[in-house]
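Visitor: coords please:
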Amino acid sequence: MSDSYFDSSALAKRYLQEIGTAWVRTLTDPTAGHTILTMEISQVEVAAALAARYRGGGITRRERDDAVDLLAAHCDREYQLVPTARAVLAAAVELTQRQRLRGYDAVQLATALVAAATLRAAGLPGMTFVAADADLVAAARAEGLVAADPHLHRWPARPSVRPHTLLLIYPFPRQRLSWPLRLSTRATRLADMRGGGLCWPIIHPARSQMDHEPAQPPDGERPLSAPPARTDRG
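Guide: Residues are numbered from 1 along each chain as shown. The predicted model follows:
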């Protein structure tokens with residue numbers, strides 16, 4: 001068991017399918033026994049993120065409403081909400097002068113620093129500051145906190161692809177292609193050039209956001225290159 005302070009950028013991943021969502025959900029699962037702290041205003045910031053995702057077409061209205069309700073329940077029963085006092089705001093102002101931070105990010109970090117100091121004064125172990133923002137994580141570490149970025153915790157590394165989920169395009173006219181052929185970086189590349197055909201796995205759309213990194217070819221596989229020139233012109 002441990003204490004973690006979640007910035008809203010990281011907390012939102014519990015309610016939206018993104019890179020690092022699996023790691024965040026594991027850490028915030030009540031059965032894990034961890035204490036999750038966050039600023040009171042985080043509820044508003046996460047709700048705004050859910051609304052923005054809905055307006056952008058990423059989730060349905062029902063999914064948005066369910067997530068907002070779940071967020072409210074978690075804030076009532078699971079999270080330790082830290083109020084924003086005047087002293088915290090003053091500390092946030094100072095942070096903006098020392099670190100590369102936006103306004104609300106500075107308030108989140110100042111709140112986390114106060115919470116960490118309170119834990120130390122009580123003789124309790126330190127906590128981890130969790131944020132999905134590189135500048136905020138760097139600032140937290142510069143201020144002496146242990147910090148983690150969910151973007152660096154991508155397990156499962158990529159969605160599993162069953163052998164039968166293959167898209168087959170066969171045949172195609174080779175003379176119309178530009179070589180070397182560049183395949184989508186959102187799928188694990190498996191090329192089969194027998195007879196001019198090409199196939200690669202399709203990643204299920206609902207899981208494709210879990211891994212935006214270009215997949216690496218298996219050991220020993222060479223990049224797809226131009227096919228040998230044909231000599232049977234007759």
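Visitor: all contacts plus neighbour counts: C-alpha atoms, from now on.
Guide: OK.
Visitor: name the SS class of residue 144, please.
Guide: coil (DSSP: H, G, I helix; E, B strand; the rest coil).
Visitor: low-scoring stretches of this structure, by residue?
Guide: Filtered on pLDDT under 70, the chain yields the residue ranges 154-234.
Visitor: quick check: longest helix of the chain.
Guide: Across the chain, the longest stretch assigned as helix under DSSP state H is helix 103-121.
Visitor: need the residues that contact it.
Guide: Helix 103-121 has contacts (C-alpha atoms under 8 Å, 6 or more residues apart in numbering) with 5, 7, 38-39, 82, 84, 88-89, 91-93, 95-96, 125-127, 129, 136, 140, 145.
Visitor: quick one: buried residues of that helix?
Guide: Within helix 103-121, the residues that count as buried by 16 or more other C-alpha atoms under 10 Å are 104-113, 115-116.
Visitor: packing partners for the helix or strand that contains residue 52?
Guide: Here residue 52 is covered by helix 42-55, with elements defined by DSSP states H and E. Applying 3 or more C-alpha pairs under 8 Å, 6 or more residues apart in numbering; DSSP states H and E, we find helix 42-55 packed against helix 8-11, helix 61-77.
Visitor: all strands for this structure, in order.
Guide: Remark: strands assigned in the chain by DSSP state E are 3-6, 35-39, 79-82, 127-130, 146-148, 166-169, 198-201.
Visitor: can you put these in a markdown table and add distance to residue 45 and mean neighbour count?
Guide: Shown next, in a markdown table, are these (distance: least, C-alpha to C-alpha, whole Å; neighbours: other C-alpha atoms under 10 Å):
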| stretch | distance to residue 45 | mean neighbour count |
| --- | --- | --- |
| strand 3-6 | 12 | 24 |
| strand 35-39 | 10 | 22 |
| strand 79-82 | 14 | 18 |
| strand 127-130 | 15 | 24 |
| strand 146-148 | 20 | 19 |
| strand 166-169 | 40 | 12 |
| strand 198-201 | 37 | 18 |
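Visitor: may I have stretch 32-52 as PDB, with CA atoms only?
Guide: The C-alpha atoms that make up stretch 32-52 are tabulated as PDB, following Å, rounded to 0.1, in the frame of the first residue of the first chain:
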ATOM      1  CA  ALA A  32      -5.100  -2.500  -4.100                       C
ATOM      2  CA  GLY A  33      -5.300  -0.600  -0.800                       C
ATOM      3  CA  HIS A  34      -3.600   2.600  -2.100                       C
ATOM      4  CA  THR A  35      -4.600   6.000  -0.800                       C
ATOM      5  CA  ILE A  36      -5.400   8.400  -3.700                       C
ATOM      6  CA  LEU A  37      -5.200  12.100  -3.000                       C
ATOM      7  CA  THR A  38      -6.100  14.900  -5.300                       C
ATOM      8  CA  MET A  39      -7.200  18.500  -5.200                       C
ATOM      9  CA  GLU A  40     -10.900  19.300  -4.900                       C
ATOM     10  CA  ILE A  41     -10.900  21.100  -8.200                       C
ATOM     11  CA  SER A  42      -9.700  17.900  -9.900                       C
ATOM     12  CA  GLN A  43     -13.400  16.700 -10.100                       C
ATOM     13  CA  VAL A  44     -14.200  19.800 -12.200                       C
ATOM     14  CA  GLU A  45     -11.100  19.400 -14.400                       C
ATOM     15  CA  VAL A  46     -11.800  15.700 -15.100                       C
ATOM     16  CA  ALA A  47     -15.500  16.400 -15.800                       C
ATOM     17  CA  ALA A  48     -14.400  19.000 -18.300                       C
ATOM     18  CA  ALA A  49     -12.100  16.500 -20.000                       C
ATOM     19  CA  LEU A  50     -15.000  14.000 -20.300                       C
ATOM     20  CA  ALA A  51     -17.200  16.700 -21.800                       C
ATOM     21  CA  ALA A  52     -14.400  17.600 -24.300                       C
END
